[in-house]
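Trainee: quick one, what's the 3D model for this:
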Amino acid sequence: MKYICKICGYIYDEAKEETPFNELAEDWKCPVCTAPKSDFTAEEAPADAQKAEDAPAEEPAAGLQVDAAFTNTVLGATAISDNPAADIIATVAAMTKDERVKEPEDDIVEPFDTSYNDAILTSVAMSDNPALNIIETISALRKELAEHAADPDMERFSAGQLAALCSNMARACEKQYKEEEASLFRELAAFFAEKTPAVEDASVEALTKALQADIDSYAEIRKAADAAGDRGAARVSVWGEKVTLMLSSLMSRYLQNGEALLADTEIWVCTACGFVYIGDTPPQQCPVCKVPDWKFEKIERRAAK
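Mentor: Here you go, the predicted model:
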């Protein structure tokens, strides 16, 4: 029998190991990502989540959470692009042209060209002043969004969601060595972060529930990505689900062990996919996205008050 780690994909093959999986100690951990024994599932069918691009297309399920699919599609298009600045605008334009959200009248900006033709996208990608072109293009999108009735399946992003989205965009631009665009997105992320209200129920328990809600939505996101033939979004869905499973696992372990979980050890975060690793040194290779250990950043802890 084989047991697979839901987080990193490590396979515990009882045929090659001396101890049956069920007889392993309850505090046994995955040798690759340190996930607990409870995060392993028995293999029922060949599971190769890394072959996202080869998976057959499926029809998207009804009731898809559009905001999550929107985010992953944009990030996927950016992650595999040689020109993320153009793909950012092109993807946003394509996804918002037919699925529009009405904004309050007092929040409408002055009109700009809303034709979404190649001239706009080319001007953003090739201009000597990408800041101005990005602003004008976003303004055009917002103007057109404000002129149409809300789609019941659409949901406005909160300031916190926009902060996270822009931060991820900045990371994507950094990887493409587009420092000017990355700087602009960092500024946007900081702006939206300042506008994000404090969360009243900011508890570990509430965060655990929110993570589980995200985990439950990934199957629908993956179906939508496959149906659209969007390999980038499918890849992001695979990575995102693994990282979210890992964060959920960490929350469960923290609820069980408290601060003892983090005592006398370090916390490392993969700068490529967000995987969090607890240990004295980072893993030689990220269990999720396979980048080397130098891509991990150590999280410096705040002094106790």
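Trainee: so where's the chain shaky on pLDDT?
Mentor: Scanning the chain for pLDDT under 70 picks out 44-155, 302-305.
Trainee: in the longest helix seen in the chain, what's buried?
Mentor: Secondary structure of the chain read by DSSP state H shows that its longest helix is helix 231-257. Residues 231-254 are the ones in helix 231-257 that count as buried (16 or more other C-beta atoms under 10 Å). Bear in mind the C-beta positions are built from the backbone N, C-alpha and C, glycine included.
Trainee: and it, what does it pack onto?
Mentor: helix 66-79, helix 204-228, strand 276-278 (3 or more C-beta pairs under 8 Å, 6 or more residues apart in numbering; DSSP states H and E).
Trainee: so residue 196 sits against residue 161, correct?
Mentor: No - assessed by C-beta atoms under 8 Å, residue 196 is found out of contact with residue 161, at 9.0 Å.
Trainee: relative orientation of the longest helix of the chain and helix 204-228 in degrees?
Mentor: Relative orientation of helix 231-257 versus helix 204-228 (axes from the mean of the first three to the mean of the last three C-alpha atoms, to 10 degrees): 160 degrees.
Trainee: give me the next element, helix or strand, following helix 231-257.
Mentor: Using DSSP states H and E, the helix or strand that follows helix 231-257 in sequence is strand 267-270.
Trainee: what sits up against that next one?
Mentor: With contacts defined as C-beta atoms under 8 Å, 6 or more residues apart in numbering, strand 267-270 is touched by 275-279, 281-282, 286, 288-289, 291, 295-299, 301.
Trainee: which members of those residues are classed as buried?
Mentor: Buried among these (16+ other C-beta under 10 Å): 275, 276, 277, 282, 286, 288, 289, 295, 296.
Trainee: turn these into CSV, columns for distance to residue 187.
Mentor: Below are the buried ones among the contacts of strand 267-270 laid out as CSV (distance: C-beta to C-beta, whole Å):
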residue, distance to residue 187
275, 27
276, 26
277, 30
282, 29
286, 28
288, 29
289, 27
295, 24
296, 26
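Trainee: for those residues, which one is nearest residue 211?
Mentor: residue 276 (12.1 Å; C-beta to C-beta).
Trainee: please name the bridge partners of that closest one.
Mentor: Per DSSP bridges, residues listed as beta-bridge partners of residue 276: residue 269.
Trainee: show me the contacts for the closest residue to residue 8 other than its chain neighbours.
Mentor: With C-beta to C-beta, 6 or more residues apart in numbering as the criterion, residue 8 has its nearest non-adjacent residue at 3.2 Å, and that residue is residue 287. By C-beta under 8 Å, 6+ apart, the residues touching residue 287 are 7, 8, 9, 10, 32, 33, 275.
Trainee: can you check residue 164 too?
Mentor: Counted by C-beta under 8 Å, 6+ apart, residue 164 has contacts residue 189.
Trainee: same thing with residue 34?
Mentor: Contacts for residue 34 were tallied using C-beta under 8 Å, 6+ apart; they are 277, 278, 279.
Trainee: if we use 10 Å, what do you get?
Mentor: Counting by C-beta atoms under 10 Å, 6 or more residues apart in numbering, residue 34 touches 5, 7, 8, 246, 249, 250, 253, 277, 278, 279, 283, 287.
Trainee: and what of residue 249?
Mentor: 5, 6, 7, 30, 33, 34, 35, 36, 38, 39, 211, 276.
Trainee: do the same with residue 212
Mentor: Taking C-beta under 10 Å, 6+ apart, one finds 244, 245, 248, 251, 252 in contact with residue 212.
Trainee: any idea how far residue 218 is from the nearest residue to residue 243 once chain neighbours are set aside?
Mentor: Leaving out its chain neighbours, the residue that sits closest to residue 243 by C-beta to C-beta, 6+ apart is residue 274, at 4.9 Å. From residue 274 across to residue 218, the span is 15 Å (C-beta to C-beta, to the nearest Å).
Trainee: and residue 239, by the same measure?
Mentor: To residue 218, residue 239 is 10 Å away according to C-beta to C-beta.
Trainee: before we move on, what about residue 241?
Mentor: 4 Å.
Trainee: could you pull out the helices in the protein for me?
Mentor: Using DSSP H, helices in the chain cover 66-79, 84-97, 118-126, 130-146, 159-175, 179-195, 204-228, 231-257.
Trainee: can I get stretch 243-254 in PDB, CA atoms only?
Mentor: What follows is stretch 243-254, C-alpha atoms only, in PDB (Å, rounded to 0.1, in the frame of the first residue of the first chain):
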ATOM      1  CA  VAL A 243       0.400  25.700  -0.100                       C
ATOM      2  CA  THR A 244      -3.100  26.200   1.400                       C
ATOM      3  CA  LEU A 245      -3.100  22.500   2.600                       C
ATOM      4  CA  MET A 246       0.200  23.200   4.200                       C
ATOM      5  CA  LEU A 247      -1.000  26.300   5.900                       C
ATOM      6  CA  SER A 248      -4.100  24.500   7.200                       C
ATOM      7  CA  SER A 249      -1.900  21.700   8.500                       C
ATOM      8  CA  LEU A 250       0.400  24.300  10.300                       C
ATOM      9  CA  MET A 251      -2.700  25.900  11.900                       C
ATOM     10  CA  SER A 252      -3.900  22.500  13.100                       C
ATOM     11  CA  ARG A 253      -0.500  21.700  14.600                       C
ATOM     12  CA  TYR A 254      -0.400  25.100  16.200                       C
END
